[in-house]
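*Asks:* Below is the sequence, then the predicted model.
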Amino acid sequence: MKKQGKKRLTIEDRMIIQACIHDKRNLTQISARLNVSKSTISREISKFSYTKPGSKYSCAQRNRLGLCNGCKYTGACPKEKRFYNFKIAEEKSSNLRSSPRSKSKLPIESVKTIDAIVADGVRLGQSLHHIYISNPSLLLICCERTIRRLVYRGNLSIRPHELRRYVTYKHSYKKSPKELRLRDIRVLIGRTYKDFTRKILSNKRANIVQYDSIIGCISDKKAILTITFPKYNFQFGVLINKGSPDFVRTKIRKLFAKLGKDNVKRIFPINLADNGVEFSYFNEIELFDDGEKVCDTFFTNPYKSTDKAECERNHEFVRYMIPKGKSLDFLTQEKVNDMFSNINSYVRKSKKDSTPYDLVLRKFGKEFLDTIEIRRIPNKKVKLQ
């Protein structure tokens, strides 16, 4: 395959690099996996890897890339250690791109002149636009947008909240991303969202299944594993132990065993989950009890709930019945089945006034619906309260 030209690595690419390093792959194998040159991978590792202090003695346990990723002795090793972490690499790369653009190119004297004029006007209750138009000297220095940018960056003596209409508009604030919670990052190799999109392009008629979890209070011991068929807006739930990947794996395998191998291949061919800790062993559902592969599993991009938007959208109906912040510990599997029976009997305008239950009934049959214990509720008796 012909490698692409110069491109910027994404956070997903860096996750794959870290996964391949843990899997003890060399530069050639990593570059082939990402379809980039070996020099790109080499520069990425040398530029964004980091060291932990220790003695300067050489270590024979380091991998071929000179990194300590995947070494089982790192906890007690007194030597200097070198690691590659996708999150740290992404943060350093972002800072390198943004820091040159975050500084003003205006001379210091010009900034002082702007500060004196703008500060006096803001303290009189004037808007930036009024100040800019009323002072011809500002027109010769910069544009109005530059002045607003200087205020937001903190380069002037006035603060953004002092502007007349600042609180009227919504502002975005930088949030620190959540940690990737998969226990073994190597499971991402061949199971990223890019692999998922390639898979569905070559299997356009295959049913796609999305997985997520719903939690109530932080102190809860229970959660709901939701399984969604986006094509039909159909969703059902399984009560699980909160944050337990073993429990999730066991529940899904039991469901597959009830359905049988042929039905699993037909109904659950392509499965997509997020990077939550409860899906740490999600890839293990690919194999049936006899060891035969019956489906494919993939993971969404980190911190992107939009990759499984249909699943998130269906959670709105669950929140009609169980608002956010309400404990789920009172639930039983029978109550969960009853809740999703009502949700799947709710008429959807987007499906030509059909219900998700009726669509799945026509596609997969009543035997499947009986197995997951979802029943049809008469339209006039559907309850979403």
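*Replies:* Yes, it's here. Residues are numbered from 1 along each chain as shown.
*Asks:* Which residue lies nearest the spatial centre of this protein?
*Replies:* Taking C-alpha atoms, centre = their mean as the criterion, Tyr303 is the residue nearest the geometric centre of the chain, at 2.6 Å.
*Asks:* Next up, phi/psi of that residue, please.
*Replies:* Tyr303 has phi and psi values of phi 60, psi 30 when expressed as degrees, to the nearest 10.
*Asks:* Quick check: it vs Leu225, distance?
*Replies:* Distance, Tyr303 to Leu225, by C-beta to C-beta, to the nearest Å: 20 Å. From N, CA and C alone the C-beta is placed, and that goes for glycine too.
*Asks:* Any buried residues in stretch 199-209, and which?
*Replies:* Within stretch 199-209, the residues that qualify as buried are 199, 206-209, counting by 16 or more other C-beta atoms under 10 Å.
*Asks:* Secondary structure, distance to Ser42 and pLDDT for these - can I get that in TSV?
*Replies:* Shown next, in TSV, are the buried residues of stretch 199-209 (DSSP: H, G, I helix; E, B strand; the rest coil; distance: C-beta to C-beta, whole Å; pLDDT from 0 to 100):
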residue	secondary structure	distance to Ser42	pLDDT
Lys199	helix	30	92
Ala206	coil	38	92
Asn207	coil	42	93
Ile208	strand	37	93
Val209	strand	39	94
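*Asks:* So the residue of the chain positioned farthest from its centre versus Val118, what's the distance?
*Replies:* Largest separation from the mean C-alpha position in the chain: Pro136, at 48.5 Å (C-alpha atoms, centre = their mean). Noted for Pro136: a distance of 14 Å to Val118, by C-beta to C-beta.
*Asks:* just the strands in the stretch 51-200 of the chain please.
*Replies:* For the stretch 51-200 of the chain, strands defined by DSSP state E, counting those that start in this stretch occupy the ranges 81-83.
*Asks:* just for the protein, where's the confidence low?
*Replies:* With pLDDT under 70 as the threshold, the chain has low-confidence stretches at 1-6, 100-103, 172-183.
*Asks:* Name the surrounding residues that touch stretch 196-214.
*Replies:* Outside of stretch 196-214, the residues within contact range by C-beta atoms under 8 Å, 6 or more residues apart in numbering are 223-231, 237, 240, 242, 266-274, 276, 278-279, 282, 296, 298, 308, 310-312, 315, 318, 322, 328.
*Asks:* rerun that using 7 Å as the cut-off
*Replies:* In this structure, residues lying in contact with stretch 196-214 by C-beta atoms under 7 Å, 6 or more residues apart in numbering are 223-231, 267-274, 276, 278-279, 296, 298, 308, 310-311, 315, 318.
*Asks:* what do you get for stretch 279-293?
*Replies:* 182-183, 187, 191, 211, 245-246, 248-249, 252-253, 256-257, 261, 273, 294-297.
*Asks:* Next: stretch 162-174.
*Replies:* 122, 125, 127-128, 151, 160-161.
*Asks:* Of these, which is the most crowded?
*Replies:* Counting neighbours by other C-beta atoms under 10 Å, the top entry in the contacts of stretch 162-174 is Val151, with 22 neighbours.
*Asks:* and that residue, what is it in contact with?
*Replies:* Residues counted as contacts of Val151 (C-beta under 7 Å, 6+ apart) are 158, 160, 163.
*Asks:* Also Gln61?
*Replies:* Applying C-beta under 7 Å, 6+ apart, the residues near Gln61 are 71, 73.
*Asks:* again, but for the one 5 residues further on
*Replies:* If a contact means C-beta under 7 Å, 6+ apart, then Gly66 has Arg82 as its contacts.
*Asks:* same question, Leu239
*Replies:* So Leu239 contacts 222, 224, 331, 333, 336 (C-beta under 7 Å, 6+ apart).
*Asks:* Go again with 8 Å.
*Replies:* Contact partners of Leu239, counting by C-beta under 8 Å, 6+ apart, are 222-225, 331-333, 336.
*Asks:* possible to save these as CSV with neighbour count, secondary structure and distance to Lys381?
*Replies:* Converted to CSV, the contacts of Leu239 look like this (neighbours: other C-beta atoms under 10 Å; DSSP: H, G, I helix; E, B strand; the rest coil; distance: C-beta to C-beta, whole Å):
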residue, neighbour count, secondary structure, distance to Lys381
Lys222, 17, strand, 27
Ala223, 24, strand, 28
Ile224, 24, strand, 23
Leu225, 21, strand, 27
Leu331, 18, coil, 21
Thr332, 10, coil, 21
Gln333, 12, helix, 21
Val336, 22, helix, 19
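*Asks:* The residues you listed: which two are farthest apart?
*Replies:* Leu225 and Thr332 (14.6 Å; C-beta to C-beta).
*Asks:* Near Gly75, how many other residues are there?
*Replies:* For Gly75, the count of nearby residues is 6 (other C-beta under 10 Å).
*Asks:* ugh, typo on my part, it should be Arg253
*Replies:* Arg253, neighbours per other C-beta under 10 Å, totals 15.
*Asks:* tell me which element it falls in.
*Replies:* Per DSSP states H and E: Arg253 is located in helix 245-259.
*Asks:* Figure out how far that helix is from the centre of its chain.
*Replies:* Centroid separation between helix 245-259 and its chain, computed with C-alpha atoms, centre = their mean, to the nearest Å, is 24 Å.
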